[in-house]
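**Q** got a sequence here, can you model it:
(one chain, ligands or ions: 1)
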Amino acid sequence: MANETAPSLHRPIKIWTDSLSNLMAILNPKSHHSVVREIQTLLLSHKHIHLRWLKAHVGYLGNECADQLAKEAITKGDPFLLPKPLPYLKSEIKSPALSIWQDNWDNGETGRSTHDIVPRLSNKPVGWNREEIMFVTGHGPYPSNLHRFNLRTHDNCSCGEKGDPMHYATKCRFTLSWHFQTPTVSLKLQWLKNILTNNLSRTRLRLLMRFICDENNLIVEDNN
Ligand SMILES: [Zn+2]
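**A** Okay, the predicted model is just below:
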């Protein structure tokens with residue numbers, strides 16, 4: 001008798017869903033989601049179960065009932081633990097991590113000149129080239145920076161004035177060919193932003209920085 005009933009167990013079973021994204025996930029052989037993998041394994045070993053898609057909210061009675069039951073399950077159902085997808089977890093971690101980073105950045109003591117121009121952090125690159133980074137951060141072959149790390153006895157340029165990025169961009173007689181107009185103190189930030197967003201100014205800044213790097217002996221000659 002068992003032989004007669006067995007084939008009926010394998011009559012095709014159709015499961016209808018209006019979620020195309022769920023079906024696409026199940027169709028994806030590379031999915032890493034554990035629930036998807038589990039469903040795929042089940043479907044492979046139970047070939048009589050067929051999944052089908054149908055349009056939502058057009059009045060298919062069974063589908064509307066399923067929707068209704070799903071809504072009730074949210075309020076009346078028992079809690080059900082489902083592993084959360086990776087992208088969701090990533091976004092959950094990213095936001096507090098960014099806010100801790102932002103807090104450290106706002107209240108830090110170093111990199112203040114960079115903070116002035118990039119106050120809001122993000123994980124997208126600012127798009128500055130090497131020379132622009134050296135200029136904005138002050139971490140370049142300037143006497144001011146070398147002195148800070150005790151690589152020189154003083155922070156003067158060979159011309160006698162303090163050798164920091166602003167000096168070379170606006171005042172020093174060795175870098176006359178690449179000078180920018182000296183900004184007033186209150187407009188310095190806007191001045192810097194303008195340079196970094198204007199292609200001609202960026203080229204000039206790059207040439208200035210290359211000159212400082214190449215002619216470093218001339219500029220940072222240590223007379224002491
Ligand atoms: Zn100078």
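
**Q** what is the rounded mean pLDDT of the helix or strand that contains residue 69?
**A** Using DSSP states H and E, residue 69 sits in helix 61-76. Averaged across helix 61-76, the pLDDT comes to 84.

**Q** average pLDDT across the helix or strand just after it?
**A** Using DSSP H and E, the helix or strand that follows helix 61-76 in sequence is helix 86-107. Across helix 86-107, pLDDT averages out at 92.

**Q** repeat that for stretch 24-37.
**A** 90.

**Q** with stretch 111-118 instead?
**A** 87.

**Q** wait, residue 154 touches residue 148, no?
**A** No: Residue 154 is beyond contact range of residue 148, at 11.3 Å (criterion: C-beta atoms under 8 Å). (Glycine included, C-beta is placed from N, CA and C.)

**Q** which residues of the chain lie near the ion?
**A** With C-beta under 5 Å from the ion as the criterion, the chain comes near the ion at residues 157, 159, 172.

**Q** can you report how many residues lie near the last one?
**A** Put plainly, it is residue 172. Residue 172: 21 surrounding residues under other C-beta atoms under 10 Å.

**Q** and it, how far from residue 150?
**A** From residue 172 across to residue 150, the span is 23 Å (C-beta to C-beta, to the nearest Å).

**Q** checking the residue positioned nearest the centre of the chain next. Helix, strand or coil?
**A** Nearest to the mean C-alpha position of the chain, by C-alpha atoms, centre = their mean, lies residue 123 at 2.7 Å. Following DSSP: H, G, I helix; E, B strand; the rest coil, the label given to residue 123 is coil.
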